[in-house]
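J.: Model the structure of this input:
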Amino acid sequence: MPASTPYARRVTHRYFLVMLAVGMSGGLLGPALPHLAAMTGSTMGQLSVLFTARALGNMLGSLLSGRLVDRFPGHRVIAAMLLLMAVGLVAVPFSQGLAVLTAVVFLLGLTEISVNAGSNTLLLWTHGKESPPWISGLHFCFGLGGTLVPLVLVAVLALTGHFAWAFWAVALYALLLIWPLVRLASPCPPAVREEDAPMPPADAWRLGLFLFMFSLYVGMEITFAGWVTAYATLDGMPSKEAALLATLFWLALSAGRLLAIPLLRRFSPWWVLRGCLALGLASGLALQLGWLPLAVVSLLFGLAASAIFPTLFGLSNQLMTISGRTTGLIFLAAGVGAMVVPSLAGLLLERAGTGAFPLLLLTLMGLLTLALFALRARVRRTEDCGG
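T.: As a prediction, the model looks like this:
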């Protein structure tokens, strides 16, 4: 479907609004933790089970959503998941026991990733090989939702004095998106669309390299955002200054995804990825050698990381036929990386000290760079051999 058609513009706007809701839902858990601890009578340590429940829900939802989008109209699948997500958001303030709250957060993890993966898949099907800039815009909306929702919580507490209204406000917003979405026909998968050029042949090595890179990238993103404050504190930075580093990272990440939209219109995804990885290696090296203040490194690393996921996702659509199942595998790989790499970072900080953190970031960026070169070589080899 050409990007210039009214249909393509309408569905793209719907997906942007949907991803804003997913970002807001996902971003509520962290700021609400103190209120959830008081509600359930739990310690912050006990509440860590919520993050495990969400991650497990993400992994199951990645597999489930892919199969559903392949079998049923995509907009109906997203609408059903938005409804379930709204139910989970409404239920959170009523979940007085930790076990019940854990089950609700598991449901939220499942539905959030299902809406996320489904929206990404349908946007690829809508824009075809022209999708990279649109995917970057989609992921910007996700980040914007996560950035805005703490402000929603602050406003709600000021107006009502109770955190529950923040969850209910996001739930209402999600419900308002359902009818405008289901009114539009769902995009068709590439297998049943007429395309001017045939898709590349199936290649398990390509898929494997993509899954490896998605896992590495998401693990690296979560590791930096989750551990940079602890790293800075252990390295002697005052806690108030250290707390701002993750905010700087996310601000640069969001700004970079906006910047990537015009860049991807002018340059190929390969060049954008090379630029991101080069900046990431340079900022990691600056952190290791102490060349720049940590605040500047956080901004540069966020800018370097910003376009990697959406550009990789758009590139995968140019090099493979993307089905709902394939998207599910991509988000499953991302979930595995989000669980494994941050845990490794915590272990290294505890046992090897602060010097291990920049080395881990450099290693992850280096592995991503090697994987990108391997993918490029694989594509050239299969093209030269005719698949």
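J.: In this structure, where is pLDDT below threshold?
T.: For the chain, residues meeting the criterion pLDDT under 70 lie at 1-4, 44-45, 190-203, 226, 239-240, 243, 383-387.
J.: That one: strands as residue ranges?
T.: Assigned by DSSP state E, the chain shows no strands.
J.: Longest helix of it, counting residues only.
T.: helix 6-40 (DSSP state H).
J.: What residues sit buried inside that one?
T.: For helix 6-40, the neighbour count (16 or more other Cβ atoms under 10 Å) marks 8, 11-12, 14-29, 31-33, 35-37, 39-40 as buried. All C-beta spots, glycine's among them, are computed from the backbone N, C-alpha and C.
J.: now stretch 89-98
T.: Here stretch 89-98 shows 89, 90, 91, 92, 93, 95, 98 as buried, counting by 16+ other Cβ under 10 Å.
J.: What of stretch 139-148?
T.: Here stretch 139-148 shows 139, 140, 141, 142, 143, 144, 145, 146, 147 as buried, counting by 16+ other Cβ under 10 Å.
J.: residue contacts, the fifth one?
T.: The reference is to residue 143. 23, 250, 253, 254, 257 (Cβ atoms under 8 Å, 6 or more residues apart in numbering).
J.: Inside helices: which ones of these?
T.: 23, 250, 253, 254, 257.
J.: What subset of the residues you listed is buried?
T.: Neighbour-count burial (16+ other Cβ under 10 Å) applied to the ones in helices among the contacts of residue 143 gives 23, 250, 253, 254, 257.
J.: OK, contacts around the closest residue in space to residue 69 that isn't next to it in sequence?
T.: Counting by Cβ to Cβ, 6 or more residues apart in numbering, residue 324 is the residue found nearest to residue 69 once chain neighbours are left out, at 3.3 Å. By Cβ under 8 Å, 6+ apart, residue 324 lies in contact with 65, 66, 67, 68, 69, 70, 74, 117, 118, 121, 189.
J.: Would you tell me which one of these comes nearest to residue 343?
T.: Closest approach between these and residue 343, by Cβ to Cβ: residue 117, at 23.2 Å.
J.: Enumerate the positions of stretch 173-189 that are buried.
T.: Quick answer for stretch 173-189 (16+ other Cβ under 10 Å): 173, 174, 175, 177, 178, 181, 182, 186, 187, 189.
J.: Count the residues that sit near the closest residue to residue 152 other than its chain neighbours.
T.: Spatial nearest neighbour of residue 152, chain neighbours left out: residue 166 (5.4 Å); criterion: Cβ to Cβ, 6+ apart. The tally of other residues near residue 166 (other Cβ atoms under 10 Å) stands at 27.
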